[in-house]
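>>> structural data only, the sequence is not supplied:
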């Protein structure tokens, strides 16, 4: 007699025998109870880990350097447009062109002075530009928009009130929508290291440790 013929007879004998049915029922209940207890313990452990992580995160202070990048849109003053034949600066022609440039479009604006042409600009040319624009411009800066943003960001970091970060666990936010120059991370670390309890980079849920104050020795 093969296995396929024996199994139906065996199963029939189990479920027609009262004692055997009780035994199977008890075993089944024990199995379900064991599985449920494992699931409950696992769920409690997961919830405990989440609570612990939330508590740990709540003690962190986050600094987003992008908040210190100026939101203002500066205007460009390109010396390329004032070059003779697009190549050189000729004093007479340069002065005349400047005098014909209305300054109303630069009023109360941050003006970035630069030259997008590959030309040698004499120092006095920058001075003439500044003398012409200063009465209207809010600020004059020599360089590109990226250079100006970097300068303003570093200036802002230099005057941050650090008293609120003393003996605190600090996270310097990374991977934001606004690109932050490397120099800013260098400078904020330079300022925070002497006073913070610990310093990290990233997000509160995923950080790279940078510095931690050693425990005092007894």
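Received the coordinates, thanks. Not measured: the values here are computed from a predicted model.

>>> now the residue most central in space within the chain: phi and psi?
Central residue of the chain (C-alpha atoms, centre = their mean): residue 174, 2.7 Å from the mean position. As for residue 174, its main-chain torsions (degrees, to the nearest 10) stand at phi -120, psi 170.

>>> so it sits against residue 204, correct?
No - Residue 174 sits out of contact with residue 204 when judged by C-beta atoms under 8 Å, with a separation of 11.6 Å. Heads up, the C-betas are built off the backbone N, CA and C, glycines and all.

>>> low-confidence ranges, the protein, go.
1-58, 218 (pLDDT under 70).

>>> strands of that one, start to end?
Counting by DSSP state E, the chain has these strands, from start to end: 60-63, 75-78, 110-114, 139-142, 169-173, 198-203, 206-212.

>>> make a markdown table from the ones you listed and add distance to residue 95 and mean neighbour count to it.
Shown next, in a markdown table, are those (distance: least, C-beta to C-beta, whole Å; neighbours: other C-beta atoms under 10 Å):
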| stretch | distance to residue 95 | mean neighbour count |
| --- | --- | --- |
| strand 60-63 | 48 | 14 |
| strand 75-78 | 15 | 15 |
| strand 110-114 | 16 | 20 |
| strand 139-142 | 18 | 16 |
| strand 169-173 | 48 | 20 |
| strand 198-203 | 51 | 18 |
| strand 206-212 | 53 | 13 |
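
>>> before we move on, back to that, what about the residue nearest to the centre of the chain, distance to residue 196?
Residue 174 is 17 Å from residue 196, where distance means C-beta to C-beta, to the nearest Å.
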